[in-house]
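[1] this is a predicted model, with the sequence first.
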Amino acid sequence: MLGNYIRLYNTVKFLKFRQIYFRLYYLGRTKIRKITGSTILFSKKSKSVNLELQRSIHISESYFEEGEFKFLNLSTKFGDIDCIDWNYDKHGKLWTYNLTYFDFLSMDSDIDKKELIESFIKSIKDIKDGLEPFPISLRGINWIKYLSYQNIKNQRIDDSLYAQYYILLDNLEYHLLGNHLLENGFSLLLGAYYFQDEILYLKAKEILLEQLDEQILEDGGHFELSPMYHQIMLFRLLDSINLVQNNFWKDRELLDFLRLKAELMLGWLQNISYKNGDIPLFNDSAKGIAPTTVQLMNYSKELNLDISSINLLDSGYRKVTKSNYECIVDIGQIGAEYIPGHAHSDTFNFELRIKDKDFIVDTGLSTYETCERRDIERSTLSHNTVEVNGQNQSEVWGGFRVANRAKIIDIKEENSSIEATHDGYMPILHTRRWTFEENRVVIVDRLSGKSKGVARLHFHPNVTREDILAHLSIDSDSFEFGEYLYSPEFNTKTTAIVVSINFLDFLEVTIEI
């Protein structure tokens, strides 16, 4: 019991005062409103304008056809539009969120999507998860883009959407911050332009100026250090540039600032992506959720953006490219310090592609549900690094929480090598050195104090035992083949090979290309 309190303290101590204040404020306000019988307005008289927008990106995995919705590789068929259960929770809360995001409005089809919006509005008084600030933010973006592209003017829809924006304004995610608050800001900006609303605009401007400065690192990376979330935030930023660049309300006062941040983010994304445009699946990253690097680069060209030329640095990632391989390594801190919910216990993790094919991979992400599977996927044993005494380097728990964290205490970089040390197993220190030669990668691990460790390498499902033996040379007799579940997308699991190597103090592994 005492251990749980200590873990909680070691989690909460990293939070900003602002987060704690708003958690308590929203909790207290909810109780007061229940006592006083305060009601929510679901319709607010509005006046919208037609927005000029260039065509944006559709994420093809968001799907609706003949009464069937499919998100996260799970589908449900409701039949008639009037029968849609907007609170459907059999696939978990993230699926329910996706149902109410309305990303599917951007898909090409002959379906009258306006009927879907009207179905939601009919049910709005009974909707639960879909009225939380995060889904309101994404739904607002998708509704406005759809209404603008289709040149639809519908007073009932506008009045409902305007009311939802004021629900959002009343519940901004200051208790979370990070990508959540940034999504609130992006959506408020679009809503402000659509309704020509000064109050929404001032709040959007405040959030975007503050949060983009804080959340976009000097090397262009998003500070939560998930390549997938970086793509999502860049997508929102590009849509905001599209909006401000093509509409003259407010004299484009935010345009230069938004373009500067987008060009930094484009530079980071170009640096972190493989030659084929794939991203490493570091931290909470999965395929099929965000627009791809290729889509984002093409969209940025249509918006006449440049790409900043900055090397990977303070995000903690490094990419080495040789003629026959690409290797991306993680020597970064847990991030962001006060919102590490998408972080894994994966210090010194890495991925390796040989001749444009996946070889050593991150194990991926299959769920956001708080469960054993989520704990496993965030743990050290699920990453290509070293575990000591069966412990995690960083204390991940509760689905989206991190208590004590591994800290990088030393980094040495040369032309052909990267070396770093972390203290996640205090008093034991773990040092890893990668040496990159033209036709091989040499990895050396050192543990202080006569310590025993287990290094693991997770291979892509297409890699066979014979392939591994042909490429791997291990300075140890104590290694074994096992199996793990590879999850490059939500709700997918494929059996693949993991090699576990037991060692004392020192280990050298050579990967011949």
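    Ah, there it is.
[2] buried residues in the lowest-mean-pLDDT helix or strand in the chain?
    In the chain, no helix or strand scores lower on mean pLDDT, DSSP states H and E than strand 63-65, which sits at a mean of 78. By neighbour count on 16 or more other C-beta atoms under 10 Å, the buried set for strand 63-65 is Phe64. The way it works is simple: take the backbone N, C-alpha and C, and place the C-beta from them, glycine included.
[3] likewise for stretch 330-341?
    330-336, 338-341.
[4] average pLDDT for it?
    Here stretch 330-341 scores 95 as its mean pLDDT.
[5] may I have stretch 468-475 exported as PDB, CA atoms only?
    What follows is stretch 468-475, C-alpha atoms only, in PDB (Å, rounded to 0.1, in the frame of the first residue of the first chain):
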ATOM      1  CA  ILE A 468      18.900 -13.800 -37.800                       C
ATOM      2  CA  LEU A 469      21.700 -16.300 -37.600                       C
ATOM      3  CA  ALA A 470      23.100 -15.100 -40.900                       C
ATOM      4  CA  HIS A 471      23.200 -11.500 -39.700                       C
ATOM      5  CA  LEU A 472      23.900 -11.700 -36.000                       C
ATOM      6  CA  SER A 473      27.200 -12.300 -34.100                       C
ATOM      7  CA  ILE A 474      26.900 -12.300 -30.300                       C
ATOM      8  CA  ASP A 475      29.700 -12.200 -27.800                       C
END
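[6] hang on, the earlier thing: packing partners of the least confident helix or strand of the chain?
    When contacts are defined as 3 or more C-beta pairs under 8 Å, 6 or more residues apart in numbering; DSSP states H and E, strand 63-65 sits against strand 68-71.
[7] list the buried residues of the strand it packs on.
    69-71.
[8] over to stretch 357-376?
    358-368, 374.
[9] mind listing which of these are in helices?
    Arg374 (DSSP state H).
[10] can I get the buried residues of stretch 357-376 in CSV with pLDDT and distance to Lys287?
    Output for the buried residues of stretch 357-376, formatted as CSV (pLDDT from 0 to 100; distance: C-beta to C-beta, whole Å):
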residue, pLDDT, distance to Lys287
Asp358, 98, 12
Phe359, 98, 17
Ile360, 98, 17
Val361, 98, 12
Asp362, 98, 11
Thr363, 98, 13
Gly364, 97, 8
Leu365, 97, 9
Ser366, 98, 12
Thr367, 98, 15
Tyr368, 97, 15
Arg374, 98, 18
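[11] now tabulate the buried residues of stretch 357-376 in CSV and tack on distance to Leu8.
    CSV is the format used below for these (distance: C-beta to C-beta, whole Å):
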residue, distance to Leu8
Asp358, 39
Phe359, 40
Ile360, 35
Val361, 34
Asp362, 29
Thr363, 28
Gly364, 29
Leu365, 25
Ser366, 27
Thr367, 23
Tyr368, 21
Arg374, 18
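[12] quick one: which of the buried residues of stretch 357-376 is nearest Leu457?
    Ile360 (5.6 Å; C-beta to C-beta).
[13] so who does that closest one touch?
    350-352, 384, 457-460, 511 (C-beta atoms under 8 Å, 6 or more residues apart in numbering).
[14] do the same with Tyr368
    For Tyr368, the contact set (C-beta under 8 Å, 6+ apart) comprises 92-94, 284, 374, 399-400, 490.
[15] which ones among these lie within helices?
    Those of the contacts of Tyr368 lying in helices (DSSP H): 93-94, 374.
[16] any chance of the residues you listed in TSV, plus distance to Lys203?
    Formatted as TSV, these follow (distance: C-beta to C-beta, whole Å):
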residue	distance to Lys203
Lys93	27
Leu94	27
Arg374	33
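[17] the stretch 351-500 of the chain: strands as residue ranges?
    Applying DSSP state E, counting those that start in this stretch to the stretch 351-500 of the chain gives strands spanning 357-360, 386-388, 396-397, 401-402, 408-413, 417-425, 428-437, 440-447, 452-458, 472-474, 479-486, 494-504.
[18] could you dump those strands into JSON lines and include distance to Leu255?
    Converted to JSON lines, those look like this (distance: least, C-beta to C-beta, whole Å):
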{"stretch": "strand 357-360", "distance to Leu255": "39"}
{"stretch": "strand 386-388", "distance to Leu255": "47"}
{"stretch": "strand 396-397", "distance to Leu255": "40"}
{"stretch": "strand 401-402", "distance to Leu255": "37"}
{"stretch": "strand 408-413", "distance to Leu255": "37"}
{"stretch": "strand 417-425", "distance to Leu255": "38"}
{"stretch": "strand 428-437", "distance to Leu255": "41"}
{"stretch": "strand 440-447", "distance to Leu255": "44"}
{"stretch": "strand 452-458", "distance to Leu255": "44"}
{"stretch": "strand 472-474", "distance to Leu255": "52"}
{"stretch": "strand 479-486", "distance to Leu255": "42"}
{"stretch": "strand 494-504", "distance to Leu255": "45"}
